[in-house]
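Novice: Kindly return the folded structure for what I paste below:
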Amino acid sequence: MAAAETEAPDGGCFLGLISGTSVDGVDAALVRFSPAPHVLFARTYPLPEDLAAEVLRLSQAEARLSLDDAGRLDTRLGQAFAAVARQALAEAGVPLSDVRAIGSHGQTLRHDPRGDAPFTLQMGDPNVIAEATGLCTVADFRRRDVAAGGQGAPLMTAFHAAVLRAEDEDRAVLNLGGIANLTLLPRRGEVVGFDTGPANGLMDAWCLRHRGRRYDRDAAFAAEGRVDAALLERLLAEPWFALPPPKSTGRDQFQLDWVGARLAGNEAPADVQATLCELSAVTIAEALRRTQPGTRRLIACGGGVHNPLLMRRLAYHLPGIVLETSATHGLDPDFVEAAGFAWLARQTLAGRPGNLPSVTGARGPRVLGAIHLA
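Specialist: Below you'll find the predicted structure:
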């Protein structure tokens, strides 16, 4: 059904679902728009261990899978997302009749918007989600933007602009997921957004390899080490960091093989962890200073806000800028992205664009996503 033929979606609520590049679970946020977003319920649900391990394995650049494996993985992720949707709605105590649609980002396996055949690949079959939940499901948000010549990312910039822009100061929103991305919200002028490079992804992967834990709780592992200046210099020499926006990246580029190729071989694991944290802080700070030097307030969200060392290093590298989380503005930092995909589903059903060409580089505004009716 074309978007213009659908009922106006301003009534009811929307359920946003996303599993990010950190693969630490599926975030679910139930949001009502009236018109400001109000999060009614939000929770993170773990993926089955074997499924999460398979996603992490396949997110490495050299990983291969057969077409049969790809089909099964798409279905299994769809089933996992559907189970999360059902559980979230049950725990929220919201009847299905009050839910207009699910906005499902899915799980990114590859993201390569450059080259002769640009593409982005998210798995988690929305047909399975719609069938298992009985709810309209909007998904596949990124590929239309890529088809229009854009990066397909970051997509949260339009949502950030809608709910966090101010008329009296230049602001920026920083999402600290597996990959870090910035949304620049100037008082005047167009919104800009782009990926800056790693946030949590490399630290999580290194911690899993050397400590057997999915993430570095309270930065305890990194606190055991010190920044290796020579290693940091080699990491910062990556040409991608110097590229101008629009740009985006993913775990398929910034993964442990990338780190390993830059190791001398005698580094202590804790020193590498501390250096990876510093890499995230430095590349984010340099990108913000380069692109919006007049920033007065940086609003952080995503899992990285819980890493105290990363937040301290960001504050150190960005003196004179107020660093706060989105909680100050009424949005739980753990669920801004999930709320954003609920918002994108609403945009799609209303026939409104969900991308910002100034951010992604697309040829123009586009209605994003495909609608899978219940």
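Novice: Run through who's touching stretch 28-41.
Specialist: 10, 12-17, 42-45, 84-85, 88-89, 91-92, 94, 99, 163, 331-332, 335, 338-339, 342-343, 346 (Cβ atoms under 8 Å, 6 or more residues apart in numbering). For every residue, glycine as well, the C-beta is placed using N, CA and C.
Novice: go with 6 Å
Specialist: Contacts with stretch 28-41, where a contact means Cβ atoms under 6 Å, 6 or more residues apart in numbering, come from 13-17, 42-43, 84, 88, 92, 335, 338-339, 342.
Novice: just stretch 286-301 next, same as before
Specialist: In contact with stretch 286-301 (Cβ under 6 Å, 6+ apart) are residues 164, 169-175, 184, 196, 321-323, 325-326, 333, 336.
Novice: So which of the residues you listed are in strands?
Specialist: 171-175, 184, 196, 322-323, 325 (DSSP state E).
Novice: Among the residues you listed, which pair sits farthest apart?
Specialist: The distance between the two most remote of the ones in strands among the contacts of stretch 286-301 (Cβ to Cβ) is 19.0 Å, for 196 and 322.
Novice: Can you show me the strands along the stretch 101-250 of the chain?
Specialist: For the stretch 101-250 of the chain, the strands defined by DSSP state E, counting those that start in this stretch cover 119-123, 137-139, 171-176, 179-185, 192-198.
Novice: Give me the pLDDT for residue 1.
Specialist: Residue 1 carries a pLDDT value of 25.
Novice: Residue 175 and residue 302 touch, don't they?
Specialist: Yes: in this structure residue 175 lies within contact range of residue 302 using Cβ atoms under 6 Å: 4.7 Å.
Novice: Mind listing what's buried along the helix or strand containing residue 90?
Specialist: If you go by DSSP states H and E, residue 90 is part of helix 67-92. Under the neighbour-count criterion of 16 or more other Cβ atoms under 10 Å, helix 67-92 has 73-74, 76-86, 88-89, 92 buried.
Novice: Buried residues, the helix or strand bottoming out on mean pLDDT in the chain. List them.
Specialist: One helix or strand of the chain scores below all others by mean pLDDT, DSSP states H and E: helix 49-58, with a mean of 87. Within helix 49-58, the residues scored as buried using 16+ other Cβ under 10 Å are 51-52, 54-56, 58.
Novice: could you dump the residues you listed to CSV with distance to residue 30?
Specialist: Converted to CSV, these look like this (distance: Cβ to Cβ, whole Å):
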residue, distance to residue 30
51, 23
52, 23
54, 28
55, 24
56, 28
58, 30
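Novice: which residue ranges form the helices in this protein?
Specialist: Using DSSP state H, the helices of the chain run over residues 49-58, 67-92, 126-133, 143-147, 157-164, 201-211, 220-223, 229-236, 256-260, 269-291, 308-317, 336-349, 357-360.
Novice: Return the most buried member of these.
Specialist: When you average the neighbours per residue for each of the helices of the chain (mean count of other Cβ atoms under 10 Å), helix 336-349 leads with a mean of 27.
Novice: Figure out how far that helix is from the centre of its chain.
Specialist: Distance of helix 336-349 from the chain centroid (Cα atoms, centre = their mean, to the nearest Å) equals 13 Å.
Novice: What's the separation between the most far-flung residue of the chain relative to its centre and residue 278?
Specialist: What lies farthest from the middle of the chain is residue 266; by Cα atoms, centre = their mean that is 33.2 Å. Per Cβ to Cβ, to the nearest Å, residue 266 is found 19 Å from residue 278.
Novice: just for the chain, where's the confidence low?
Specialist: The model of the chain has pLDDT under 70 over residues 1-11, 60-62.
Novice: Show me it divided up by domain.
Specialist: 3-151+334-372, 157-329 (automatic domain parsing).
Novice: So what's the gap between the shortest one and the chain middle?
Specialist: To tie it back to what came earlier, the one meant is domain 157-329. Centre to centre, stretch against its chain (Cα atoms, centre = their mean), the figure for domain 157-329 is 12 Å.
Novice: about what we covered before: measure the residue farthest from the centre of the chain to residue 225 for me?
Specialist: In terms of Cβ to Cβ, residue 266 sits 14 Å off from residue 225.
Novice: Same check on residue 252?
Specialist: Distance, residue 252 to residue 225, by Cβ to Cβ: 27 Å.
Novice: My read is that residue 228 contacts residue 271, right?
Specialist: Yes: using Cβ under 6 Å, residue 228 makes contact with residue 271 at a distance of 4.9 Å.
Novice: Quick one: buried ones out of the contacts of stretch 286-301?
Specialist: 164, 170-175, 184, 196, 321, 323, 325-326, 333, 336.
Novice: Can you name the two of those residues that sit furthest apart?
Specialist: Between any two of the buried ones among the contacts of stretch 286-301 (Cβ to Cβ), the greatest distance is 20.6 Å, for 170 and 333.
Novice: Quick check: the nearest residue to residue 345 once chain neighbours are set aside vs residue 80, distance?
Specialist: Closest residue to residue 345 apart from its sequence neighbours, by Cβ to Cβ, 6 or more residues apart in numbering: residue 103 at 2.9 Å. Going from residue 103 to residue 80 by Cβ to Cβ gives 16 Å.
Novice: same question, residue 295
Specialist: Taking Cβ to Cβ, one finds residue 295 at 38 Å from residue 80.
Novice: quick revisit: tell me what angle the least confident helix or strand of the chain forms with helix 201-211.
Specialist: Going by axes from the mean of the first three to the mean of the last three Cα atoms, to 10 degrees, helix 49-58 is angled at 120 degrees with respect to helix 201-211.
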